[in-house]
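Asker: Following is a predicted model, sequence given first.
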Amino acid sequence: MSGFEDDFGEMVESAPPLDDVVDLLEPTPVEHIEDTVAELLTQEDVEVKETEMETVAELPQEIPIVTVELKEKEEPQVIKEWREKQIEHLKVKDEEEEIAKNDLKAQAAKELEDWYAQNEISLEKLRATNRESMNSEEKPFVAEMEPVEPGTEWERVAKLCDFNPATAKNVKDVSRLRSMILQLKQGPVTD
């Protein structure tokens, strides 16, 4: 223990434990534990009984409910007959509705099938018309093609361009491009 006393100073002996203070680290005799447990249990029982008495006093007393069975009145014969007729009438209506629904579904399926067939026919006609117009437009264009001669390139470009602003389909201003092409067409580029 050299140096230990120097760090903490003199060691002081602890005083003997008091009777009412129990050291939890020291082992206690078995008789003492039994007495302490018995005291704690009796204190808990007293506290529980006191709280039970308080809660019982606070609860309202239950009032007995007397039930009287009422006899069901029997329906008159007229109402019974009407109810049976109504049930039969509703069954007939449901069957008619189901038949009408099935008929509408069949009619809709037939109309849809007819529409698809008609649509396919119109698409084939449109495709054939487009092929014919494409061929008819290409033939004159190919026939008009001349061999490329030096200095005629811009004339050929000018033929392909639409310079009429009223018939122009685009919304952008192409006047500058138009003027450039016309200048190139009139006078070749000099190097």
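Answerer: Okay, I see it. What you are looking at is a predicted structure, and each value in this text was computed from that prediction instead of being measured.

Asker: quick one, helices of this protein?
Answerer: 4-8, 30-58, 77-144, 153-160, 175-186 (DSSP state H).

Asker: avg pLDDT for the first one?
Answerer: The average of the pLDDT scores along helix 4-8 is 56.

Asker: And for the longest one?
Answerer: Per-region confidence: helix 77-144 scores 92 on mean pLDDT.

Asker: what is the orientation angle of it with helix 153-160?
Answerer: Calculated by axes from the mean of the first three to the mean of the last three Cα atoms, to 10 degrees, helix 77-144 forms an angle of 150 degrees with helix 153-160.

Asker: follow-up on the earlier one: figure out which of the helices of the chain is closest to Ile65.
Answerer: helix 30-58 (21.3 Å; Cβ to Cβ). Placement of C-beta: from N, CA and C, glycine included.

Asker: before we move on, the earlier item: export the helices of the chain to a markdown table and tack on mean neighbour count?
Answerer: Output for the helices of the chain, formatted as a markdown table (neighbours: other Cβ atoms under 10 Å):
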| stretch | mean neighbour count |
| --- | --- |
| helix 4-8 | 8 |
| helix 30-58 | 10 |
| helix 77-144 | 10 |
| helix 153-160 | 13 |
| helix 175-186 | 13 |
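
Asker: export these to TSV and tack on distance to Thr67?
Answerer: Below are the helices of the chain laid out as TSV (distance: least, Cβ to Cβ, whole Å):
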stretch	distance to Thr67
helix 4-8	83
helix 30-58	27
helix 77-144	28
helix 153-160	102
helix 175-186	100
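
Asker: Among those, which comes closest to Lys71?
Answerer: helix 77-144 (17.4 Å).

Asker: Glu98 and Val92, how far apart?
Answerer: Distance, Glu98 to Val92, using Cβ to Cβ, to the nearest Å: 11 Å.

Asker: again with Ser122
Answerer: 45 Å.

Asker: Ok, Ala108 next?
Answerer: For Ala108 relative to Val92 (Cβ to Cβ), the value is 25 Å.

Asker: cool, and Leu184?
Answerer: From Leu184 to Val92 the distance is 87 Å (Cβ to Cβ).

Asker: Val78 too?
Answerer: 21 Å.

Asker: Check Gln183 too.
Answerer: Taking Cβ to Cβ, one finds Gln183 at 88 Å from Val92.

Asker: go on, Trp115?
Answerer: From Trp115 to Val92 the distance is 35 Å (Cβ to Cβ).

Asker: go on, Lys125?
Answerer: Lys125 is 50 Å from Val92, by Cβ to Cβ.

Asker: now Gln186
Answerer: With distances taken as Cβ to Cβ, Gln186 is found 90 Å from Val92.

Asker: before we move on, what about Lys73?
Answerer: In terms of Cβ to Cβ, Lys73 sits 30 Å off from Val92.

Asker: what do you get for Tyr116?
Answerer: 37 Å.
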